[in-house]
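Engineer: Curious how this folds, go ahead:
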Amino acid sequence: MINSYAGSDDAEVAIAGARAGADVVRAMYGRRLQRIDKGAGDFATAADVEAERTILGVIRAARPDDAVLGEEGGQQGAVGAVRQWLVDPLCGTLNYAVGHMLVAVNVALRDGAAAVADPFSGEVFFTDGETAWVRRDGADDALLAPSPATRLVDVNLDPPFPSAPGFRAVDLLAHPVFTERFRPRVVSTTLALAWVAAGKRAAYVTDGGDLSGSVHFAAGIALCRAAGCVVTGIDGAPVDEAGRGLVVAADDETHGLLMSMVRNRNWCGP
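Structural biologist: Take a look at the predicted model:
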């Protein structure tokens, strides 16, 4: 089955890889899994490792000359390869390890196609680099349509906090304008980015450095851009090597309102 994707376009390869990883994540759910310590409270499980191995098998069969950067295995493939895949085999490991199903599998070709799979809903959000879609088991692909209608904003509170004290996500949640206009959701998986592209969330905010080449964020950023979301860093600058964090919104109004709160650091006092 893997070899059948050798002649497919990059979006289908991304979908195949994400689905293959999602199958592993779903099959291993609920087991007592070995944990691999990464330090600073972070760890991987045997499901992370096996899902990444399976995804790499799909990519290697379809695109043998491409390089891969995997969260667990690091850089693999030809040094200096023009094309590089970014793989996060289990985004939300902390959730998964304690029996929560809020996780994602991210596969992205740098500056190209990408897919985000939800192992438990069966949804695969994907882009060919120009438009963004969702594929559900047994249903036709549906075009993603961002919308601010839910007023739900996901905010990532996971450490580290490189922009503190200038920006703290927890302060944003307490901003009076935020509480008046939005309802907060706190997530620990980049599945929330796919939800913004799909109209299930109005926006997503996280601190961080350059996230454009991150195995965690690249697929979600590609989806949101292709769907027509507004995508910048927390400083309002483009998401690139000089960027900081991420603000993704369904429309200009939502993005502008969030940016005004991020920049208004002294709202609660001098």
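Engineer: Give the buried residues for stretch 129-145.
Structural biologist: Buried residues in stretch 129-145, counting neighbours by 16 or more other C-beta atoms under 10 Å, are found at 132-135, 144. For glycine as for every other residue, the C-beta is placed from the backbone atoms N, C-alpha and C.
Engineer: just those residues now: which is nearest residue 85?
Structural biologist: When the buried residues of stretch 129-145 are compared for distance to residue 85 (C-beta to C-beta), residue 132 comes out closest, at 18.2 Å.
Engineer: show me what contacts the closest residue to residue 120 other than its chain neighbours?
Structural biologist: Leaving aside its sequence neighbours, residue 120 sits nearest to residue 101 (C-beta to C-beta, 6 or more residues apart in numbering; 4.3 Å). Listed by C-beta atoms under 8 Å, 6 or more residues apart in numbering, the contact partners of residue 101 are 29, 95, 119-120.
Engineer: and the gap between residue 101 and residue 122?
Structural biologist: Residue 101 is 12 Å from residue 122, where distance means C-beta to C-beta, to the nearest Å.
Engineer: Wait, residue 30 touches residue 99, no?
Structural biologist: Yes: assessed by C-beta atoms under 8 Å, residue 30 is found in contact with residue 99 at 6.8 Å.
Engineer: Would you check that my belief about residue 196 contacting residue 250 is correct?
Structural biologist: Yes: using C-beta under 8 Å, residue 196 and residue 250 qualify as a contacting pair, with a distance of 6.0 Å.
Engineer: Comparing these two, which shows the higher neighbour count?
Structural biologist: Higher neighbour count among residue 196 and residue 250: residue 196, with 31 against 28, using other C-beta atoms under 10 Å.
Engineer: Just the element for the more buried one, please.
Structural biologist: For residue 196, the host element (DSSP states H and E) is helix 191-197.
Engineer: For residue 237, which non-adjacent residue is spatially closest?
Structural biologist: In this structure, residue 237 finds its nearest non-sequential neighbour in residue 243, 5.6 Å apart by C-beta to C-beta, 6+ apart.
Engineer: gap between the one you found and residue 211?
Structural biologist: From residue 243 to residue 211 the distance is 7 Å (C-beta to C-beta).
Engineer: next one: residue 91
Structural biologist: From residue 91 to residue 211 the distance is 13 Å (C-beta to C-beta).
Engineer: who touches both of these two?
Structural biologist: Common neighbours of residue 91 and residue 211 (C-beta under 8 Å, 6+ apart) do not exist.
Engineer: out of those two, which sits in the busier spot?
Structural biologist: residue 91 (27 against 21).
Engineer: mind listing the helices for the stretch 151-270 of the chain?
Structural biologist: Under the criterion DSSP state H, counting those that start in this stretch, helices of the stretch 151-270 of the chain are mapped to 169-174, 176-181, 191-197, 218-227, 252-263.
Engineer: Pretty sure the residue nearest to residue 237 sits against residue 210.
Structural biologist: Yes: if you go by C-beta under 8 Å, residue 243 and residue 210 touch, sitting 5.3 Å apart.
Engineer: Looking at the two, which has the bigger crowd around it?
Structural biologist: When neighbours are counted by other C-beta under 10 Å, residue 243 and residue 210 differ, and residue 243 comes out ahead with 19 against 16.
Engineer: For the protein, give me the ranges with low pLDDT.
Structural biologist: Counting by pLDDT under 70, the chain shows low-confidence ranges at 1-8, 40, 138, 241-242, 265-270.
Engineer: What residues of the longest helix that it contains count as buried?
Structural biologist: Ranked by residue count under DSSP state H, the longest helix found in the chain is helix 10-28. Across helix 10-28, burial judged by 16+ other C-beta under 10 Å covers 10-22, 24-26, 28.
Engineer: for the residue nearest to residue 49 when sequence neighbours are not counted, phi and psi?
Structural biologist: Residue nearest to residue 49 in three dimensions, not counting chain neighbours: residue 72, with 5.4 Å by C-beta to C-beta, 6+ apart. Here is the backbone geometry of residue 72 (degrees, to the nearest 10): phi -90, psi -40.
Engineer: still on that earlier bit, of the buried residues of stretch 129-145, which belong to strands?
Structural biologist: 132-135 (DSSP state E).
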